[in-house]
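In: have a look; sequence and predicted model below, questions after that.
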Number of protein chains: 4
Amino acid sequence: MPADPLGFGAPGGLFRRLRDASGADWTGYTWHPFVQRLGDGSLPLAAFQHYLIQDYLFLIHFARAKALAVVKGESLAAMRSKATAVLAILDETLLHLKYCAEWGLSEKQVTLVPETMETVSYTRWVMDRGMHGDILDLEIALVPCTVGYGEVARRIMADTARMVSGNPYQSWIESYAGEGYQNMAEAAAHRIDALGESHGGEARFASLLRDFSMAARLEQRFWQQGLDAV
Amino acid sequence: MPADPLGFGAPGGLFRRLRDASGADWTGYTWHPFVQRLGDGSLPLAAFQHYLIQDYLFLIHFARAKALAVVKGESLAAMRSKATAVLAILDETLLHLKYCAEWGLSEKQVTLVPETMETVSYTRWVMDRGMHGDILDLEIALVPCTVGYGEVARRIMADTARMVSGNPYQSWIESYAGEGYQNMAEAAAHRIDALGESHGGEARFASLLRDFSMAARLEQRFWQQGLDAV
Amino acid sequence: MPADPLGFGAPGGLFRRLRDASGADWTGYTWHPFVQRLGDGSLPLAAFQHYLIQDYLFLIHFARAKALAVVKGESLAAMRSKATAVLAILDETLLHLKYCAEWGLSEKQVTLVPETMETVSYTRWVMDRGMHGDILDLEIALVPCTVGYGEVARRIMADTARMVSGNPYQSWIESYAGEGYQNMAEAAAHRIDALGESHGGEARFASLLRDFSMAARLEQRFWQQGLDAV
Amino acid sequence: MPADPLGFGAPGGLFRRLRDASGADWTGYTWHPFVQRLGDGSLPLAAFQHYLIQDYLFLIHFARAKALAVVKGESLAAMRSKATAVLAILDETLLHLKYCAEWGLSEKQVTLVPETMETVSYTRWVMDRGMHGDILDLEIALVPCTVGYGEVARRIMADTARMVSGNPYQSWIESYAGEGYQNMAEAAAHRIDALGESHGGEARFASLLRDFSMAARLEQRFWQQGLDAV
């Protein structure tokens, strides 16, 4: 494992505290064998394909969960930002379909793939947390995905075992290591810090950590299903 | 106005702090002219009838909101207690129908009465707060009704202008002044105190006060519609 | 009242059937005195100002309700379209603020105006229908506003009493009479027809009509509050 | 496999049509090897223990989903019936704890067992269907569990391979084969038939079948996790 890359969010802020407290759940997710093999280029294509198709199905529900943050209607600015995020995620699904098209899979074929249990459990758990908690609960369920992928990319980029040229997963890595995604992940971590202040994060820390860690473990399973598919 | 009756909940607890901070919104609700005239027996029957029928329609949605607290699934004990409360409220609707029957109104006729704007605005606002906040947000939207009626009864009982014998609203007053309701209201106030501790009430005070005061104002309108009906 | 302008949606389609069946609830909304006086230019400015500020507050919740249609996640196309609609509504709030700025009211001042009971009852009722019904129930609660404003504009344009030049409300009228809004309203009516087919509208007609008519009555109250304010 | 036991619900009713159309998804659930080995007494105790603890965790969310049917507030009778069902399910969790106590597992220990992916995926999927569809969608997500266990018991009782005396799972079998549960399951099937009539089940058949079959497959996984645990 590479030296721990600098975390997202402010030191002492809620995001950083949750990340650090979630320990092995977090590192088991952000430095999962699937991630390491994306970085060193040794991941079997079939594993990646399985993952990417499920990630496409995942994103549909992730967009629904972001829309739920609009419904919660915290502020006009937050509503605008979240509605924009919904459209961005729906655009991201098109990128996934482009990968699939390169493998000879049409949109029709992709949407016929059944959701795995890993996909169902993660996405519906997020929706349920969002429906039954407040905006902080919802964002805590969402943030391990958003910021975690930013950390995944940082870890891969910092890894001495990284396949620097000819890595078949280079475009995937770049999409998360790039400035656009990294800035967005940083903003998401800071948003958690701010929501922690306004929504009693201190008093709710134990409960928030439980959800944060659960999401990290569900992310581990999500990677693992790719490895299990080959 | 009578000397302020002893409040519910612990001094310094979240409920008492919200009640005191909501000021005129709270007293305008718990010592509304409608309430005073229930106590001194001068309330026109038509005003009470209008109120009671709308309260019947209100209770249906109040039961739905309690059920939402079960959905939020905080703990098995809380789920059990809330599901029991749903059944108690549904039983309370039968008491309302009994009053109506005495006035020659059948259940069928009562359910054909359209909900007033006062009823729709209050009930759906509670549901919306409950759907989009956490259990504390939901309980804060519900508690002004539950505990407020307890305080209403205490205020009437302490009022020197109270019609002690022959008050046509005696049975209504007794149902809220009685030990059963008073204990339940006290428990509801203490529950708010406890949720305040566990769910960051301190940091969320301004937002919770906004909702608490809104509910108190919606209660004022609810009484007022009775007076306006005659 | 002008000759009934041609309705939206296909003849025999669900939208047209609901509109026709809602009778006086619908015409009382789409040809409300407030509307007539917008058309003939006799509406007091204070009435319009009261209305427009409440409409600003209304739109925030209307955007939330549209976001709920994204959450329901019917199809990627529907999700994209609804998320775009959320952003369009949030932009519409800026137009409202521009009117307010012309009257010397800052955004800060507008957002401090409390929601009236008319605004609370309508918006939270829509949210509640949306939360507890399916996509058809939600769209039925939303559509009287969307298409009704299109019909309002058609009625004003066809009215012989219309103030053709110098009407102080000309820009408001044009924004709904314009091709952009009219096409959007037409599409909304056709969407109801399609959802009726796919979601059992025939069997659910009585229940859908109840909601459609309720929304129309809530719209009447929404106009009326403007007249009552002067 | 035993001769197909007589199904629940009216012939030609929505429940029976969905059950028959779900084909192998349904029989793979109601005559799963786990079920067969409950019947012939050959199921390893560890498999049953794993299952029962997860079923305890499952029931908590099943009770939440029933409470959601109260929130949907279809009718006072339905609300009362569902609130009563919530309490019945919460009582059922006590029976599970009694089994666990016999195995030396305290309530504390049971509640510390993490939910498996099979449990999370099934329960949160039901909640999500319920939150985003109407009462029919919610009941369709719930009914394969309720009625399916009734059919499971009928199949076991009709199985020639059944261990008639000394079956360690006899009390479990009896709780579902008994008149109380069987009547409740029959009522649940008839309720689906009635909701199908009132809520457009005919037009929505394809979509309802998709959910019904999904629930049946999630039930298969739920049994399977018991076998996988040993």
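Out: Received, thanks.

In: which residue ranges form the helices in chain A?
Out: A:14-21, A:23-30, A:33-39, A:45-72, A:76-102, A:107-112, A:117-132, A:135-158, A:170-177, A:179-198, A:205-228 (DSSP state H).

In: nearest to residue C:50, of those?
Out: Nearest to residue C:50 among those is helix A:76-102; the distance by CB to CB comes to 21.1 Å. From N, CA and C alone the C-beta is placed, and that goes for glycine too.

In: packing partners for that closest one?
Out: On a contact count with 3 or more CB pairs under 8 Å, 6 or more residues apart in numbering or on different chains; DSSP states H and E, helix A:76-102 meets helix A:45-72, helix A:107-112, helix C:45-72, helix C:76-102.

In: weakest of the ones you listed in terms of mean pLDDT?
Out: Here the lowest mean pLDDT among these goes to helix A:107-112, at a mean of 91.

In: briefly note if it comes near chain C.
Out: No - Helix A:107-112 stays clear of chain C (CB under 8 Å from any CB of the partner chain), getting no nearer than 8.8 Å.

In: list the contacts of the nearest residue to residue A:83 once chain neighbours are set aside.
Out: Distances taken as CB to CB, 6 or more residues apart in numbering or on different chains place residue C:86 nearest to residue A:83, at 4.2 Å, with adjacent residues excluded. Contacts for residue C:86 (CB atoms under 8 Å, 6 or more residues apart in numbering or on different chains) come out as A:70, A:79, A:83, A:86, C:63, C:66, C:67, C:70.

In: and residue A:115, its phi and psi?
Out: Main-chain dihedrals, residue A:115, degrees, to the nearest 10: phi -60, psi 140.

In: and it, how far from residue A:60?
Out: For residue A:115, the distance to residue A:60 equals 10 Å [CB to CB, to the nearest Å].

In: with residue A:190 instead?
Out: Per CB to CB, residue A:190 is found 27 Å from residue A:60.

In: neighbour count winner among those two?
Out: Remark: of residue A:190 and residue A:60, residue A:60 carries more neighbours, 19 against 16, as counted by other CB atoms under 10 Å in any protein chain shown.

In: what does the helix or strand of chain A with the lowest mean pLDDT contact?
Out: Lowest mean confidence among the helices and strands of chain A (mean pLDDT, DSSP states H and E): helix A:107-112, at a mean of 91. By CB under 8 Å, 6+ apart, the surrounding residues in contact with helix A:107-112 are A:53, A:56, A:96, A:97, A:100, A:101.

In: show me which of those residues is closest to residue D:168.
Out: So of those, ranked by how close each gets to residue D:168 (CB to CB), first place is residue A:53, at 43.1 Å.

In: residue A:40 contacts residue A:164, correct?
Out: No - here residue A:40 lies out of contact with residue A:164, judged by CB atoms under 8 Å, at a distance of 10.1 Å.

In: more crowded one of the two?
Out: Neighbours per residue (other CB under 10 Å) separate residue A:40 from residue A:164, with residue A:40 holding more: 15 against 8.

In: next, count neighbours for residue A:75.
Out: When neighbours are counted by other CB under 10 Å, residue A:75 registers 10.

In: same deal with residue A:23?
Out: If you count neighbours by other CB under 10 Å, residue A:23 ends up with 11.

In: swap in residue A:108?
Out: The tally of other residues near residue A:108 (other CB under 10 Å) stands at 7.

In: just residue A:229 next, same as before
Out: Residues near residue A:229, counting by other CB under 10 Å, number 16.

In: show me the contacts for the closest residue to it other than its chain neighbours.
Out: If the residues on either side of it in the chain are set aside, residue A:229 comes closest to residue A:50, at 3.7 Å by CB to CB, 6+ apart. Counting by CB under 8 Å, 6+ apart, residue A:50 makes contact with A:225, A:226, A:229, A:230.

In: between these, which has the most around it?
Out: Highest neighbour count within the contacts of residue A:50: residue A:226, with 26 neighbours (other CB under 10 Å).

In: residues of chain A that sit close to chain B?
Out: A:71-73, A:131-134, A:137, A:197-204, A:207.

In: up against chain C, what does chain A have?
Out: Neighbours of chain C within chain A, by CB under 8 Å from any CB: A:60-61, A:63-65, A:67-68, A:70-73, A:76, A:79-80, A:82-84, A:86-87, A:90, A:93.

In: quick revisit: any chance of a ChimeraX selection covering the buried ones in the contacts of helix A:107-112?
Out: Applying 16 or more other CB atoms under 10 Å in any protein chain shown to those, the buried members can be selected in ChimeraX as follows:
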select /A:53,56,96,97,100
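
In: dump the contacts of helix A:107-112 to a markdown table, plus distance to residue C:186.
Out: Shown next, in a markdown table, are the contacts of helix A:107-112 (distance: CB to CB, whole Å):
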| residue | distance to residue C:186 |
| --- | --- |
| A:53 | 37 |
| A:56 | 33 |
| A:96 | 34 |
| A:97 | 31 |
| A:100 | 35 |
| A:101 | 34 |
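
In: just the closest of the contacts of helix A:107-112 to residue C:181, please.
Out: Using CB to CB, residue A:97 is the member of the contacts of helix A:107-112 that sits closest to residue C:181, with 33.0 Å.

In: from residue A:45, how far out is the closest one?
Out: Separation of residue A:97 from residue A:45 (CB to CB) stands at 17 Å.

In: do the same with residue A:173
Out: To residue A:45, residue A:173 is 15 Å away according to CB to CB.

In: also residue A:107?
Out: 20 Å.

In: more crowded one of the two?
Out: Neighbour count, other CB under 10 Å: between residue A:107 and residue A:45, residue A:107 has more, with 15 against 11.
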